[in-house]
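Visitor: Next one to model:
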Amino acid sequence: MERTLARELRECIGKQVRVRGFLNQLRLLGKVAFLVLRDRSGFAQIVIESPEELRKVSALQIGSILSLTGKAVASQAAFGVEIVSPQIEVENAIREAPPVEYNKPEMPESLDFILDHRPLALRNRREQAVFRIQGEIAHAYRLFMHDTVQAVEYFSPNLLGASSEGGAEFFQVDYFGHTATLAQSSQLYKQIMVGVNERVFALAPFFRAEPSHTTRHVSEGKQLEFEMGFFHHWHEILDIQESCIKFIVSYLERRCLDDLATLGNPLIAAPAGIPFPRLSFQEAQELYFQRTGKDERGEPDLSPAAERELCAWSKETSGTDLLFITDWKSSKRPFYAYPKPENPELTNTFDLLCAGTEITSGGQRRHTYESMLEGLRMKEMDPAHFTDYLSIFKYGMPPHGGFGMGLERLTMTLLKLKNIREVSLFPSDTKRIAGVRLKAHTFFGGENIRNEILRLCRERHFQIHHLVHETAPTSEQAARVSNAPVDKGIKALILRGKNSKKNYQFNIPGHLKLDMKAVADIVHEKCEFEEPAVIQERFGLIVGGVPPFGNLLHLDNYFDEEIGKNERASFSCGLPTESITMRSQDLISLVDPRFGRFSKP
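Guide: Residues are numbered from 1 along each chain as shown. Modelled structure (predicted):
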């Protein structure tokens, strides 16, 4: 019998069917059991009344691979149809429970925990919905560019002999004894292809060595590229960009109804009949000042707060979440940006803001050989590194321009998600590569840890007070010898998971106690305090000298939310006879902990 998918069962009521998939849930209700099977199209419910058939699956964990035949019947349950009188075949029995309960409608775990278990977490229906929608965004982009714009797709190299954008935010790799870089974008290659096909597009990888860990930056992603030649006015690029976004949103509204419903229908507003407002950079700064009283008119860029406020203005006045900001300063644009003839300090460039975030940069490019040389020299870049690229301008290029959109940031913004790592399948950033945590450099022993903390503070030019004092094994004694209020002190505790035997570090204000129930909720297992002898053997530290730098010990590190509310923090820095007092925010920037509420009076 041929396999029937879950979404096809409504068409098979009254018929014998065969389904195959993953065990997603098993509920026992007296003499009847309800089994939910997951396949690529959705979920199917199976009613099991036979004790013999139930025995086959009663001890299985989610993820087990099943094949079964039975009769499809109409049902009042959520699925609208169910399979009865099944004959079950267990193709792959799974006996161990997974570390993440991906079969729940929503996973309550932190994003870091989800990323640590990404291969399994992707089986969650919300995770599936996000990445199915992302695939449809890429498909819609290709359809629009190919069918509407009549552009030709190109495929650019990712290993380059020089940085494609200039600056220092690129990765170097060894290339047969030579130094190569990973492409920051395919900008130079899409300009080359304009000289071939006039209108071109790509879905190209990018690599950015930005040492930032913001909610909208990753080190690797996909870029939706477009470039065109022979326009009457450079704003035609904005027209195509606007039509492209509206096409993508409309396509998702038609093709992704179920997945959007799973996510709570979060799609941004981009009505077809409403133009995106267009403001110059100067006008945008003035508007932000008029609406908020905050004066950023002398700044070279828009702050995140300004981007959010401008998008709020667009939604209020025009009913769309998007707007263009044009005419950016030359100092903020790359070497190939076309200077405005009437004011060379400005450029024919734009950003597209969406729901408070910049999702596109683009504009007109320089198109003569002499102008391109001028642009390179203004950015102190060596023309010798761009010989092939420069040749196209030496032998003829039309006025041209285009834009680039990061697929991950676009997905995040269209779906109103909070962190780009939610829409990066296996994200790479300062902490991860292809989703896998980078192993931290671990320090051992109180003096080594103390020296590293001092080095980090000097490197960042943080103001600290380093005090040598008598032994202070308790928070109260530490507060007395450091002459700091006990509630400003940090109690650094090392715990051990009762099941995993894994160590965690929890840091709370010195006058509070650790809430072990809250700890268990955060790490998903009950914990106990690690033995002092083990702490000394494993980390070279004695109780009373443990610093709140779990990152130096290669431990998952948690800070209670109260720590961030204090202006200053005091803590032992590796030895019970030495402590440091510094700004709490400076400490947090060094440690980069996870935050939560797990203390009590």
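
Visitor: residues making contact with stretch 98-118?
Guide: If you take C-beta atoms under 8 Å, 6 or more residues apart in numbering as the criterion, stretch 98-118 is touched by 24-25, 38, 61-63, 120-127, 419, 421-422, 425-427, 432, 435, 437, 522, 524, 594. Bear in mind the C-beta positions are built from the backbone N, C-alpha and C, glycine included.

Visitor: Please list only the buried members of those.
Guide: Burial by neighbour count, judged by 16 or more other C-beta atoms under 10 Å, picks out 24, 38, 62-63, 120-121, 123-127, 421-422, 425, 427, 432, 435, 522, 524, 594 from the contacts of stretch 98-118.

Visitor: picking that back up, identify those among the contacts of stretch 98-118 that sit within strands.
Guide: Of the contacts of stretch 98-118, the ones assigned to strands by DSSP state E are 24-25, 38, 432, 437, 594.

Visitor: from those residues, which is closest to residue 281?
Guide: If you rank the ones in strands among the contacts of stretch 98-118 by distance to residue 281 using C-beta to C-beta, residue 432 comes first, at 34.5 Å.

Visitor: List phi and psi for residue 131.
Guide: For residue 131, the backbone dihedrals are phi -80, psi -20 (criterion: degrees, to the nearest 10).

Visitor: Isn't it up against residue 122?
Guide: Yes. Between residue 131 and residue 122 there is a contact under C-beta atoms under 8 Å: 7.1 Å.

Visitor: what touches both of the two?
Guide: By the contact definition C-beta under 8 Å, 6+ apart, residue 131 and residue 122 are jointly contacted by residue 425.

Visitor: Go ahead and flag the most central residue of the chain.
Guide: Centroid check for the chain by C-alpha atoms, centre = their mean gives residue 421 as the closest residue, at 1.7 Å.

Visitor: Give me the pLDDT for that residue.
Guide: On the pLDDT scale, residue 421 is placed at 95.

Visitor: That one touches residue 427, doesn't it?
Guide: Yes. Here residue 421 lies in contact with residue 427, judged by C-beta under 8 Å, at a distance of 4.6 Å.

Visitor: okay, and the common contacts of these two?
Guide: 115, 218.

Visitor: ok, what's across the strand from the nearest residue to residue 466 once chain neighbours are set aside?
Guide: Nearest-residue entry for residue 466: residue 580, 5.4 Å, with adjacent residues in sequence omitted and distances by C-beta to C-beta, 6 or more residues apart in numbering. Counting by DSSP bridges, residue 580 forms beta bridges with residue 466, residue 571.

Visitor: Run through the helices of the stretch 401-550 of the chain in chain order.
Guide: 407-414, 446-459, 475-482, 516-523, 532-539 (DSSP state H, counting those that start in this stretch).

Visitor: still on that earlier bit, please tell me how far the residue nearest to the centre of the chain sits from residue 105.
Guide: Distance from residue 421 to residue 105, counting by C-beta to C-beta, to the nearest Å: 21 Å.

Visitor: Return, as residue ranges, the portions of the stretch 101-250 of the chain with sub-threshold pLDDT.
Guide: Within the stretch 101-250 of the chain, the ranges that satisfy pLDDT under 70 run 162-168, 211-213.

Visitor: All the helices of it, residue numbers only.
Guide: So, for the stretch 101-250 of the chain - with DSSP H, counting those that start in this stretch - the helices run 111-116, 118-121, 125-143, 187-197, 236-255.

Visitor: Select, out of these, the one closest to residue 553.
Guide: Closest to residue 553 of the helices of the stretch 101-250 of the chain, according to C-beta to C-beta: helix 111-116, at 17.1 Å.

Visitor: Tell me the buried residues in the closest one?
Guide: 113-116.

Visitor: Run through who's touching stretch 511-522.
Guide: Outside stretch 511-522, the residues within contact range by C-beta under 8 Å, 6+ apart are 110, 475, 486-487, 489, 491, 493, 495, 504, 506, 508, 526-527, 558, 560, 562, 594, 596-601.

Visitor: Which members of these are classed as buried?
Guide: Buried members of the contacts of stretch 511-522, scored by 16+ other C-beta under 10 Å, are 475, 486, 489, 491, 493, 495, 504, 506, 508, 527, 558, 560, 594, 596, 598-599.

Visitor: Tell me the one among these nearest to residue 571.
Guide: Here the nearest of the buried ones among the contacts of stretch 511-522 to residue 571, counting by C-beta to C-beta, is residue 489; it sits at 6.7 Å.

Visitor: Could you list everything the closest one pairs with in the sheet?
Guide: residue 570.

Visitor: pretty sure it is touching residue 566, no?
Guide: No. Contact criterion C-beta under 8 Å: residue 489 and residue 566 do not qualify, at 9.7 Å.

Visitor: Give me the common contacts of those two.
Guide: residue 509.

Visitor: Just name the most buried of the helices of the stretch 401-550 of the chain.
Guide: Across the helices of the stretch 401-550 of the chain, averaging neighbours per residue (mean count of other C-beta atoms under 10 Å) puts helix 407-414 on top, at a mean of 24.

Visitor: Next, the angle from that helix to helix 236-255.
Guide: Interaxial angle of helix 407-414 relative to helix 236-255 (axes from the mean of the first three to the mean of the last three C-alpha atoms, to 10 degrees): 70 degrees.

Visitor: the inter-axis angle of helix 407-414 versus helix 125-143?
Guide: 110 degrees.

Visitor: among the ones in strands among the contacts of stretch 98-118, which one has the lowest pLDDT?
Guide: residue 437 (82).

Visitor: how about the nearest residue to it, chain neighbours excluded?
Guide: Leaving aside its sequence neighbours, residue 437 sits nearest to residue 431 (C-beta to C-beta, 6+ apart; 6.3 Å).

Visitor: distance of the nearest residue to residue 275 once chain neighbours are set aside from residue 256?
Guide: Spatial nearest neighbour of residue 275, excluding adjacent residues (C-beta to C-beta, 6+ apart): residue 242 at 7.1 Å. Distance, residue 242 to residue 256, using C-beta to C-beta: 21 Å.
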